[in-house]
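S.K.: sharing a model that was predicted from the sequence below.
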Amino acid sequence: MPMRIQRDIAKLKQQMLEMSVRVEEVFSRTIRCVKERDAAAAQVIIDGDRAVDIAEVDLEEECLKTLALNQPVATDLRLIVAVLKINNDLERIGDLAVNIAERVLTLADHAEVPLPFDFNRMSGIAQIMLHRSIEALVNLDKTTAYEVLAQDREIDTIHREMYRAASKEMRAKPGQIEFLLHGIAVSRYLERIADHATNIAEDVIYLVDGEIVRHHTGEGPKN
C-alpha cells in the first residue's frame, strides 16, 4: 500500500505541475493580447480553452481514484485535498484568461483608446502572484506563499481606482461607454485571477503547516 500511494501521489504532483504550467502560459499570452489589442491571438486562446478543461477533469478524476483506492490519512490526505482545491483554482484562472481574451475582440476595435487604468502594473502584479504561487507550490515554500497573500491588497486597490476612473470617463465621454465597460471587465477578471493565485498560496500554507489562513490573510506566518 505505501508504495502504491507514493506512486499515485507522485503522478498527482506531476499532473498538477503540468496544469500549472499550461495555465500560466495561457495567462501570459492573454496579457500580450490585451497590450497589443490582437484579436486573432485572442481567438486562438478562446479556441484552446477546452484543453485546460480536459486537464482539470483528468486531475480531479485521478485525485478521486487515489482517494478510493488508497484511503489515505494524515499528510497524504491533506495533499490530495489541496490538489483538488488548487486544480479548481487553476481551471478558473484559465477561464478568466479566456474571458479577458473575449474582451480583446472588442478592445481591438478601439486600439487608439488607452485603458482607463494602469493595465501594465495590474497585469504585472497578477502575473507575479500567479507565478510565485506556483513556485511556492512546487517548492512547498510557505514564505513565498505569504508574500503572494500580501500582494492581493494592491490588486484590489488598483481595481477600485480603475472603477472610479472609468465611471468618471463614462460621464465625460458617453460615446466610449461600451469600451469602458470592457475595460472594467478586464480589471475585474485580473482581480479575480489574483484572488485565485491567493487561494493557491493559502493551500500551500495548508500543505506545509496544516494551517488554514483564509480568514487571516495578510497577517504573516504564525509562530
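M.R.: Thanks, I have it.

S.K.: quick check on V213: phi, psi?
M.R.: phi -110, psi 10 (degrees, to the nearest 10).

S.K.: again with D118
M.R.: phi -80, psi 80.

S.K.: for T144, see how far away it is.
M.R.: 25 Å (Cβ to Cβ, to the nearest Å). Using the backbone N, CA and C atoms, a C-beta is placed for each residue, glycine as well.

S.K.: wait, what's in contact with L90?
M.R.: L90 makes contacts with M16, M19, S20, V23, V52, E56, H196, I200, as judged by Cβ atoms under 8 Å, 6 or more residues apart in numbering.

S.K.: repeat the analysis, applying 7 Å as the threshold.
M.R.: Contact analysis of L90 by Cβ atoms under 7 Å, 6 or more residues apart in numbering lists M19, S20, V23.

S.K.: most neighbours of all the residues you listed, which one?
M.R.: Counting neighbours by other Cβ atoms under 10 Å, V23 comes out on top of the contacts of L90 with 26 neighbours.

S.K.: can you give me the helices in the protein?
M.R.: Assigned by DSSP state H, the chain shows helices spanning 2-36, 39-47, 49-70, 74-107, 119-139, 142-172, 177-209.

S.K.: which of D118 and T144 has more neighbours?
M.R.: T144 (18 against 15).

S.K.: can you list the helices of the chain in a markdown table and add distance to V113 and mean pLDDT?
M.R.: Converted to a markdown table, the helices of the chain look like this (distance: least, Cβ to Cβ, whole Å; pLDDT from 0 to 100):
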| stretch | distance to V113 | mean pLDDT |
| --- | --- | --- |
| helix 2-36 | 13 | 91 |
| helix 39-47 | 15 | 95 |
| helix 49-70 | 27 | 91 |
| helix 74-107 | 8 | 92 |
| helix 119-139 | 12 | 93 |
| helix 142-172 | 10 | 90 |
| helix 177-209 | 6 | 92 |
